[in-house]
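Participant: test case, fold it:
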Amino acid sequence: MAQGTLTLTPQQRAQAEKMTKARSYWSMVGAKIWADKITVFGIGLLIFMIAITLAAPWIGNNVLGFDPLDTNLRERGEPPTWAAESWPIFQEFTRTCQGDEGCAWSLWPAIFGSSFAGLGDCFGAGPGNCHWMGTDEAGRDVLTRGLYGGRISLRIGFWVSVISLTIGVFMGLVSGYYATTFIDDVINAIIMTLGSIPLLFLLIILARIYAPGPEGLAFLIGIFSWMGVSRLVRGQIFSIRERDYIVASRSIGSPPLRIMLRHVLPNIASIVIV
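Facilitator: Residues are numbered from 1 along each chain as shown. Just a heads-up that it's a prediction; the model follows:
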C-alpha cells in the first residue's frame, strides 16, 4: 500500500519535477519586470529611441529623403506638410480662444478632416516630399535633424551615466565602508568642494577654452555629477556594513576590497541600477 502510494509514473514524475523546478534569479527578475507594464513600456520606448537614432542616416536617406544640413530658405518656418491646410484653421481656432466669445470648437471637424487627408497624402508621397514635423528657420527638416540630434544626446547621456556611476559607486563604497575615518572625511570634503561649484558656468568656461566634442562634454559633466550617487551608496552601506555576513567575512581575514566587491556591492546593486 505504501509502495503504491509513493511510486510515480514517469509522466507524473516529469510533471512533478517541472512544477517544483527552482527558478533562477534572472528568470524571477524577468517575470517581475514583465509584470510591471509601465517598466515594459519604458524599456520598449528606450529601445525604440535608440533604434531610430542609430538608423538616422538610413531613415533620412530612404524614408524621409532629407539631409539634416540641407537648407531651403523658400520653405523656412513651414508647418508640417500634412497640416498645410489644417494649420490656418487651427490658428483661427486659437484666435477665437483669445476673444470674449470663447473658443470656436466647431472648427475642429475641419481641422481633423484636413489633417487626416494630409496624412494620407504624405504616406503616399515618396521620400523628400513631406516634412512630417515642418521646417526650421533655415528651411531644414525638423524630424531629420531631431533623429541626428538624438544620436548626440544619447551618446552624451550614456557616457555621463557610465562615468558618474563608476566614480560615484567607487567613492560611495570606500566612504561608507570606512565611515567616520580619515578616508571618509577626505571623500566628503571632495564632495562638498565639487558640490559648491556652479556646474553650468564651469562647463561654459571649459567648453569655451577647450571646445570638447560630445565625449569630452560627457566627461566634464560626468566628473562633476557623481556626488549624488556617492552619497546614496554611502547611506545604503551604513545599514549593510555591520551585518553578520560582513562581520563573518572580516573575521576570516577577507581583505576590504573583496568585502566591498563581493558582499557589499551586490546588496546595493538594485539601487545603483535604478
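
Participant: helix or strand for the residue nearest the centre of the chain, which one?
Facilitator: In the chain, the C-alpha nearest the mean C-alpha coordinate belongs to L46, at 6.3 Å (C-alpha atoms, centre = their mean). For L46, the host element (DSSP states H and E) is helix 37-54.

Participant: what's that helix packed up against?
Facilitator: In terms of contacts (3 or more C-beta pairs under 8 Å, 6 or more residues apart in numbering; DSSP states H and E), helix 37-54 is packed against helix 25-35, helix 142-177. In this view, the C-beta of every residue, glycine as well, is placed from N, C-alpha and C.

Participant: which positions within the very next helix or strand once past it qualify as buried?
Facilitator: Next helix or strand after helix 37-54 toward the C-terminus (DSSP H and E): helix 56-58. Of all the residues in helix 56-58, those buried under the rule 16 or more other C-beta atoms under 10 Å are A56.

Participant: offset the numbering so it begins at 48, please.
Facilitator: With the count now opening at 48, the last piece we talked about shows up as helix 103-105.

Participant: and for helix 103-105, what's in contact with it?
Facilitator: Residues outside helix 103-105 that contact it (C-beta atoms under 8 Å, 6 or more residues apart in numbering): 191, 194-195, 197-198.

Participant: pretty sure W129 contacts A172?
Facilitator: No. Applying C-beta atoms under 8 Å, one finds W129 not in contact with A172, separated by 9.5 Å.

Participant: the more surrounded of these two?
Facilitator: Shown here are W129 and A172; by other C-beta atoms under 10 Å, W129 has more neighbours (24 against 13).
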